[in-house]
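Engineer: Kindly return the folded structure for what I paste below:
(2 chains)
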Amino acid sequence: MCWPSARIRRIPSSGRLVRRALVLLCLALAVAPAHALRIFACEPEWAALARVLAPQATLFVATHAGQDPHHIEARPALIAQLRRADLAVCNGASLEAGWLPALQERAGNAKARDVFFAADHVELIDPQPGAIGTPWSGDVHPEGNPHLHADPRNLLAVARALAERLGNEQPAERAAIRARLAAFEARWQQRIAQWERRAAPLRGKRVAAQHTTFGYLWRWLGIEQIADLEPRPGMPPTPGHLQRLLSGLRGAPPAAIVVAGYQDPRPGRWLAQQLGGSVPLLILPSTVATEAAEAELVDWFDGLLRELLAAAD
Amino acid sequence: MARHHALIPRLASFAALLAGALAAAPAGAQQAQSWQFGAVLDVAHTTRALELGGRDQGLQLGHSDLTASGPLGALATARLTAVFATHDGRLEKEIEEAWLETTRLPAGFVARAGRFASQIGYLNAQHPHADDFVERPLLYRAFFGGHWNDDGVRLNWTAPTPFFLQLGVEAFRGKRLVEETAEPTGNPGIATAVAKFGGDIGASHSWQAGVSHIRNRREAAVEEEGHSEAEHDHAHHHHHHGAQFSGRRTWMVDATWKWAPGGNSRGQQLRAHFEAARIEGLNRYARSSDRHEANAVALVWRFRPDWETGARADWLRVRIPHGDHFHSGLLREVSAMLVWKPSHMQSLRLQWVRQYDAVGFESPASRSVQLQYVLAFGAHPAHSF
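Structural biologist: Residues are numbered from 1 along each chain as shown, chains lettered A, B, ... in the order given. Model (predicted):
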């Protein structure tokens, strides 16, 4: 239709408007493939990693650090973003199971069906193979703890896999993406070594936390989470559960009580007060800002370590 | 009953496809890409049955289901849902969903075929166990049998625009909306066209609006003049799966607005919802001024992660066909509810309902209290906006 101009000329003169519309449509189609890669990132940490590897890509970031990533609504605005995406980059391990399938179905974008899931490229902690969610067991993730971005070593593994996928999406860019990956790996490995040296005093410390949001951070730094403010995974803290925790924690108070920025801080604050004010409440951001790139990823880990070290003093 | 027989070969082939897909499903695949199974139990106690209501007085098994969904080959997904409910003390079973949907069509198109809920309006395509109230609005109970699913095909297109825009058409047999027709009608009996729009305003507000049109060739069989009032009453109390009131052309508009502080709907959320419908061309005896109209407005407030409260006001005005003429019908209903959701798999809801200003309806419930418990097992489909 777009090709032979001769054929277009056969359209009778009364179809001039139609011909113009056709020409415009052909122009639009011809121009369309030249756009920058459009990436739909389910969480800001994966958007940041995509920015490191493909800085020229257009990014739609579905969620932010102020939201509970398990409980996102399949909003029309997100459907419109996924509709226009060339690639979806998400966490996986069922973190988005409550909303991503609804977005995919309504977006009708075939390219957004083959989602890049970060969790497919990392070994998850606490897998529960065969676990079936019952109404009384809370939000069970049979694959394991999905909050894998809180271990910087996981970001390396995900970056390698994401670079591969981005290279497949944009073969012309493959060499450049590989070069960016190599530079990122070198810098990031240095960072990890620095962080591990700095965090040495945290090894063996004990914390109480709400949910398993920072499970990977604890494992990386050798911190032990001795209590969860949630009675069951994903269920909000109840007075009865907090009371039980309190009697257990009084004998051996933790170094800190940790809640994520998107969680209601009141249960944690209550617990800290009941423990006599000697145990600090840390409200830590669960991820980076929406516009973040590598510098903000670094700042995020720096900030987490700074707060934990101050609390452990 | 005849429709159940017609379904058997269809179900058999579906089951074979399902078994094939299960056998072919690769082990260890991403959960979102493998077959999932779930069940929902809905039990309610009602102190007094509502006019046009779907719940009996006393203890009743509501819309409970068993569902399986997952990929069918590389190009489609499928879902099969069986529903169980008691009506007038009898257990009713039916296949509510048995459909295939494409996943790889280009340019934003999605096609679906089989038995599924029409996407008209806002609530119809949603599973009733996710509703904010024990009963659907009067609009749905009067015009769509509460929840209209039918055998047919659908084609949707989502526009590549910065805001959400989706256009869709459906064609249905229509037997599950209008069971008995005045005279034989061809296929498809009912066609629909739907446009939906939506977006965000700032970080905290989101909205969706829709316009739906339904063309219905199935003219409902008209009750013979001269039937006794008692039989007339009986007809209105009998449980219908299809529409109580229908016509050739239906227009619907719906609008939904949601607010959550900073976009974090987990802790707090306010949801407002409005829906209205008008049906014209009621039957061969109808004048242009004869029409059915209904609307519903609801407000729900999540004030803690596990608690919500809400209110809804419904209004219904109909022309009740009676031989070659019509009687006027009017009904208003208000509901207020409080629900506790200890997890997203359980909810316990207490609801108060009042029906008033009734004309042409014999037994409006001046007051009814309903207690509903919904329990979900395993996986169930992600909820839409």
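
Engineer: ok, which stretches of the stretch 251-385 of chain B are strands?
Structural biologist: If DSSP state E, counting those that start in this stretch is used as the criterion, the strands of the stretch 251-385 of chain B fall at B:269-280, B:292-304, B:307-322, B:325-343, B:346-359, B:368-378.

Engineer: any chance of those strands in TSV, plus mean neighbour count, mean pLDDT and distance to A:Glu185?
Structural biologist: Any C-beta I mention is one placed from the backbone N, CA and C, and that applies to glycine too. Shown next, in TSV, are those (neighbours: other CB atoms under 10 Å in any protein chain shown; pLDDT from 0 to 100; distance: least, CB to CB, whole Å):
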stretch	mean neighbour count	mean pLDDT	distance to A:Glu185
strand B:269-280	20	97	42
strand B:292-304	19	97	44
strand B:307-322	20	95	47
strand B:325-343	17	94	41
strand B:346-359	18	96	46
strand B:368-378	19	93	41
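
Engineer: Would you format those strands as JSON lines with distance to chain A included?
Structural biologist: Putting the strands of the stretch 251-385 of chain B into JSON lines (distance: least, CB to the nearest CB, whole Å) gives the following:
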{"stretch": "strand B:269-280", "distance to chain A": "9"}
{"stretch": "strand B:292-304", "distance to chain A": "8"}
{"stretch": "strand B:307-322", "distance to chain A": "10"}
{"stretch": "strand B:325-343", "distance to chain A": "5"}
{"stretch": "strand B:346-359", "distance to chain A": "5"}
{"stretch": "strand B:368-378", "distance to chain A": "5"}
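
Engineer: got the domain boundaries for chain A?
Structural biologist: Taking automatic domain parsing as the criterion, chain A consists of the domains A:1-33, A:34-196, A:200-312.

Engineer: residues touching the one residue in chain B that gets nearest to chain A, list them.
Structural biologist: Closest contact between chain B and chain A, by CB to the nearest CB, is at B:Gly198 (2.6 Å). By CB atoms under 8 Å, 6 or more residues apart in numbering or on different chains, B:Gly198 lies in contact with A:75-77, A:79-80, B:163-164, B:206-209, B:385.

Engineer: out of those, who's nearest B:Ser34?
Structural biologist: Closest approach between those and B:Ser34, by CB to CB: A:Ile79, at 23.5 Å.

Engineer: sorry, back to before: only the buried members of the contacts of B:Gly198: can you turn that into a PyMOL selection?
Structural biologist: Only the buried entries of the contacts of B:Gly198 go into this PyMOL selection, using 16 or more other CB atoms under 10 Å in any protein chain shown:
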select buried, (chain A and resi 75+76+77+79+80) or (chain B and resi 164+206+207+208+209+385)
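
Engineer: Which of the domains of chain A sits closest to chain B?
Structural biologist: Nearest of the domains of chain A (CB to the nearest CB): domain A:34-196, 2.6 Å.

Engineer: Tell me where the stretch 51-200 of chain A has strands.
Structural biologist: Counting by DSSP E, counting those that start in this stretch, the stretch 51-200 of chain A has strands at residues A:58-61, A:87-90, A:116-117.

Engineer: which neighbours does the second one have in its sheet, and in what orientation?
Structural biologist: Sheet pairing of strand A:87-90 (DSSP bridges) gives strand A:38-41 (parallel), strand A:116-117 (parallel).

Engineer: Quick one: distance of that strand to the chain centre.
Structural biologist: Distance of strand A:87-90 from the chain centroid (CA atoms, centre = their mean, to the nearest Å) equals 10 Å.
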